[in-house]
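Participant: take a look and give me a structure for this.
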Amino acid sequence: MMSNLFSVFDPSSSFNLSLNWISTFLGVLILPSMFWLMPSRPLVIWTSISNTLHKEFNTLLGPSGHPGSTFLFISLFSMILWNNFLGLFPYIFTSSSHLTMTLTLALPLWMSFMLYGWINHSQHMFAHLVPQGTPAVLMPFMVCIETISNIIRPGTLAVRLAANMIAGHLLMTLLGNTGPSLTLTILSLLVLGQILLLILESAVAIIQSYVFAVLSTLYSSEVN
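Facilitator: Next comes the predicted model:
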């Protein structure tokens, strides 16, 4: 294994195969069979979360949204949330910290929205390039700015998720590596700090998956 700080993010294994990517599907194996077979407590909780997200995404999409399209974004939220949480456990590879995965999620979504919008609602898409009330002198500049902001959207989605997951993991690794050289008093403070950081990372895991899904929904609502 690599001896630097980024070795925890290395997707290759000792067999020179990228077996660590299997951790993406580890969440399905961890779930107990009762989750699927009967109305258990975890299933009831997850159903209420899904219903809340469904109502919120419906509001964001508006009346012009296609029926059932919210389930795509709920599935996206669920997948990212699982991967973010699994990365908090020891010896489990955090796949959502790699641009390989985050760009794979963001780029096809953005491309499909753009193709759908420009093919079916070309006039609406052209209108989006110039905000309402823009002076005639500034219109060419606004078109350039809006075009660039549209192009970089998948990159910002992917980098935001990956950078947030990497930052917290690196901070915990840096603090953990200083443990053996500390006195008992400072070590107890370090353990307390690590616990607080773990709570923060759990919140970041939820927030970043929610932000990714909400922004994807907003981008989808703009092309309708």
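
Participant: secondary structure element holding Ser149?
Facilitator: helix 139-151 (DSSP states H and E).

Participant: what sits up against that helix?
Facilitator: The contact list for helix 139-151 (C-beta atoms under 8 Å, 6 or more residues apart in numbering) reads Met114, His128, Leu129, Val130, Pro131, Thr134. From N, CA and C alone the C-beta is placed, and that goes for glycine too.

Participant: PyMOL command for the buried members of those?
Facilitator: Burial among these is assessed by 16 or more other C-beta atoms under 10 Å; the matching PyMOL selection reads:
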select buried, resi 114
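
Participant: please identify which of the contacts of helix 139-151 is nearest to Thr59.
Facilitator: Minimum distance to Thr59 across those is 20.2 Å, recorded for His128 (C-beta to C-beta).

Participant: phi, psi of the closest one?
Facilitator: phi -70, psi -20 (degrees, to the nearest 10).

Participant: give me the neighbour count for the residue nearest to it when sequence neighbours are not counted.
Facilitator: Among residues not flanking His128 along the chain, Glu222 sits closest, at 6.5 Å (C-beta to C-beta, 6 or more residues apart in numbering). Around Glu222 there are 14 other residues, counting by other C-beta atoms under 10 Å.

Participant: give me the neighbour count for Ser75.
Facilitator: 12.

Participant: do you know how far it is from Ser209?
Facilitator: Applying C-beta to C-beta, to the nearest Å, the value for Ser75 to Ser209 is 11 Å.

Participant: mind checking how far the residue nearest to His128 is from Leu109?
Facilitator: Glu222 is 13 Å from Leu109, by C-beta to C-beta.

Participant: can you check Gly193 too?
Facilitator: 37 Å.

Participant: which one of those two is surrounded by more residues?
Facilitator: Leu109 (21 against 13).

Participant: now name the helix or strand holding the more buried one.
Facilitator: helix 99-120.

Participant: can you pull the buried residues of that helix?
Facilitator: Met101, Thr102, Leu103, Leu105, Ala106, Leu109, Trp110, Phe113, Met114, Gly117.

Participant: so the fourth one touches Ser75, yeah?
Facilitator: Spelled out, it's Leu105. No - with contacts counted by C-beta atoms under 8 Å, Leu105 stays clear of Ser75, the gap being 10.8 Å.

Participant: returning to that earlier point: and the contacts of helix 139-151, which is closest to Leu53?
Facilitator: Met114 (24.2 Å).

Participant: which ones are touching that closest one?
Facilitator: Counting by C-beta under 8 Å, 6+ apart, Met114 has contacts Asn150, Val223.

Participant: which pLDDT value goes with it?
Facilitator: Met114 is assigned 89 on the pLDDT scale.

Participant: would you mind measuring from it to Glu222?
Facilitator: As judged by C-beta to C-beta, Met114 and Glu222 stand 10 Å apart.

Participant: do the same with Ile30
Facilitator: Following C-beta to C-beta, the distance that separates Ile30 from Glu222 is 37 Å.

Participant: quick check, pLDDT for Asn16.
Facilitator: pLDDT, Asn16: 65.

Participant: and what of His124?
Facilitator: His124 is given a pLDDT of 79.

Participant: host element of it?
Facilitator: Going by DSSP H and E, His124 is part of helix 122-128.

Participant: what's in contact with that helix?
Facilitator: Everything outside helix 122-128 that qualifies as a contact, by C-beta under 8 Å, 6+ apart, is Gly117, Trp118, Glu146, Glu222, Val223.
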